[in-house]
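K.L.:
What follows is a predicted structure for the sequence shown.
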Amino acid sequence: MLTIREILQGKHTGEAVGIRGWVHRTRSSGGLVFAVIRDSSGLVQVTVDKRNVPEKAFAGAKQALVESSVEVEGEVVEDERAPGGYEIRAKEFHVVSFAEKFPISKDKSEEFLLDVRHLWVRSQRMTNVLKVRSSVFGATHDYFRSQGFHETQSPSFTPSACEGGSSQFQVDYFGRKVYLTQSWQLYAEATMFGLEKIYTVAPSFRAEKSRTTRHLTEYWHAEAEMAWMGMDEAIEIGENLISNICKTVVEEMPDELMALGRDPDDLRKITPPFLKLKYSEALEKLQEAGVEVEWGKDLRTIEERELMAFFDKPAVVTHYPRQVMAFYKRVDPENPEVTLAFDFLAPEIGDEIIGGSERENDIEKMRENLLQEGEDPSSYDWYFDTRRYGAVPHSGFGMGIDRIVQWICKLNHIRDAIPFPRTLTRTYP
């Protein structure tokens with residue numbers, strides 16, 4: 001059995017071949033059935049002529065509805081009228097399983113397509129997105145491993161917050177109160193002292209009541225933690241990671257990108273160094289666009305998108321105000337009002353795709369920050385041990401893989417970047 005892509009590459013013209021797949025669409029005319037068959041690699045037309053196949057095969061071809069699974073044998077013929085320029089003229093057409101009438105047709109609402117997501121993931125658009133997504137995951141692993149990082153994992157159940165208690169999912173853990181992880185970071189900082197450069201690719205959970213096109217309650221996080229690195233070195237790692245992802249996807253998925261409306265040349269130019277500007281400079285840039293942001297306020301989605309209208313590749317905003325940053329982000333020794341923190345913002349969609357910082361080593365500063373956030377510092381005593389025993393300068397970041405996919409695939413909503421999205425209002429299917 002061949003893949004459809006192999007047939008469309010023109011390597012088997014005039015040969016007898018076999019394929020397996022599903023009926024994508026079908027029509028019949030007298031003694032002919034024209035069935036477009038799909039597999040994971042593409043679409044090809046199969047012509048079933050009543051005179052050239054067994055009676056049972058023709059009856060099956062005529063009866064098979066969309067999404068019926070089939071096995072086909074026949075000869076490959078070049079035909080410019082057919083999808084992809086080739087068709088198979090069937091000698092045998094075996095229906096493995098007859099499908100019922102498929103519930104998805106044109107002009108269905110977004111909500112309906114989410115209700116039947118278990119079927120919509122078969123669509124060409126979703127298939128292309130998921131192929132790109134797979135390539136993004138592979139490129140992420142490949143980059144970190146090529147740079148000497150070790151992959152490690154951390155618990156999904158945690159006793160303490162990383163990014164703030166208001167956005168945590170609370171779970172009853174045999175009568176004890178624990179939370180679903182927002183990030184591996186606190187555990188990564190402990191593990192880093194043994195392995196020095198580590199990364200993970202894992203789900204994270206945030207109970208943000210946000211009805212936006214960029215938020216999921218369960219999302220996939222690529223995170224890295226590096227000993228002996230400051231903020232600038234961590235930013236360089238992030239730049240190279242994103243560049244490697246774009247390069248890999250262009251090499252592996254050019255047809256899928258174009259089908260999604262993404263010109264591969266857009267991604268070829270995503271190479272380091274990226275533009276860098278401090279938070280204060282970002283506010284000045286926004287002011288040029290007529291957007292006023294009070295110093296000390298975090299940048300919201302609307303401001304990030306206004307800012308990125310100036311740029312055609314990712315930009316890095318640094319030195320955010322101390323009051324809007326998490327307790328573990330190091331204060332800038334040259335300016336105690338700001339932290340050595342950074343965000344990567346994507347062009348076009350304007351969303352944050354990487355967030356990171358140099359880490360604080362001063363336990364008393366972290367205690368003070370936690371108290372200001374309404375947290376109990378005693379819950380973090382184990383974390384403070386990492387500073388008591390051989391603390392070193394270190395940095396890290398988290399990358400939202402779903403947002404990377406959304407940006408690369410030019411998707412309007414992040415829920416289309418993942419097979420089965422979890423949002424504020426959706427846990428089904």
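P.N.:
Noted; the coordinates are in hand.
K.L.:
Does the longest strand seen in the chain pack against any helices or strands, and if so which?
P.N.:
What stands out as the longest strand in the chain, according to DSSP state E, is strand 16-29. In this structure, strand 16-29 packs against helix 4-8, strand 32-39, helix 55-63, strand 69-78, strand 86-97, with contacts taken as 3 or more CB pairs under 8 Å, 6 or more residues apart in numbering; DSSP states H and E. C-beta coordinates here come from the backbone N, C-alpha and C atoms, glycine included.
K.L.:
Give me the below-cutoff pLDDT ranges for this structure.
P.N.:
Where the chain drops to pLDDT under 70, the residues are 161, 163-166.
K.L.:
quick one: which helix or strand includes the residue sitting nearest the centre point of it?
P.N.:
By CA atoms, centre = their mean, the chain has its centre lying nearest to residue 402, at 2.5 Å. Using DSSP states H and E, residue 402 falls within helix 401-408.
K.L.:
For that helix, output the C-alpha coordinates as CSV.
P.N.:
Included here for helix 401-408 are C-alpha records, laid out as CSV according to Å, rounded to 0.1, in the frame of the first residue of the first chain:
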residue,chain,number,x,y,z
ILE,A,401,3.6,26.1,22.1
ASP,A,402,-0.1,26.6,21.2
ARG,A,403,0.5,30.3,20.6
ILE,A,404,3.5,29.5,18.4
VAL,A,405,1.3,27.3,16.3
GLN,A,406,-1.4,29.9,16.2
TRP,A,407,1.0,32.5,14.9
ILE,A,408,2.8,30.2,12.4
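K.L.:
contacts for that helix?
P.N.:
With CB atoms under 8 Å, 6 or more residues apart in numbering as the test, helix 401-408 has contacts from 129, 132-133, 136-137, 140, 201, 214, 216, 219-222, 242, 245-246, 249, 257, 262, 267, 346-349, 351-353, 411, 413-414, 416-418.
K.L.:
Tell me where the stretch 151-300 of the chain has strands.
P.N.:
If DSSP state E, counting those that start in this stretch is used as the criterion, the strands of the stretch 151-300 of the chain fall at 157-158, 170-173, 176-180, 197-205, 218-227, 275-278.
K.L.:
mind checking which of those is nearest residue 320?
P.N.:
Smallest distance to residue 320 across the strands of the stretch 151-300 of the chain (CB to CB): 8.9 Å, for strand 275-278.
K.L.:
what's that closest one packed up against?
P.N.:
Using 3+ CB pairs under 8 Å, 6+ apart: strand 275-278 touches strand 315-318.
K.L.:
picking up where we left off before, can you give me how far the longest strand of the chain is from the chain middle?
P.N.:
Relative to its chain's centre, strand 16-29 lies at 32 Å (CA atoms, centre = their mean, to the nearest Å).
K.L.:
Check stretch 216-229 too.
P.N.:
Mean-position distance between stretch 216-229 and its chain equals 13 Å (CA atoms, centre = their mean).
K.L.:
Also stretch 46-62?
P.N.:
Relative to the centre of its chain, stretch 46-62 is centred 43 Å away, using CA atoms, centre = their mean.
K.L.:
How about residues contacting it?
P.N.:
Contacts for stretch 46-62 (CB under 8 Å, 6+ apart): 26, 28, 31-37, 70, 72, 74, 87-95, 98.
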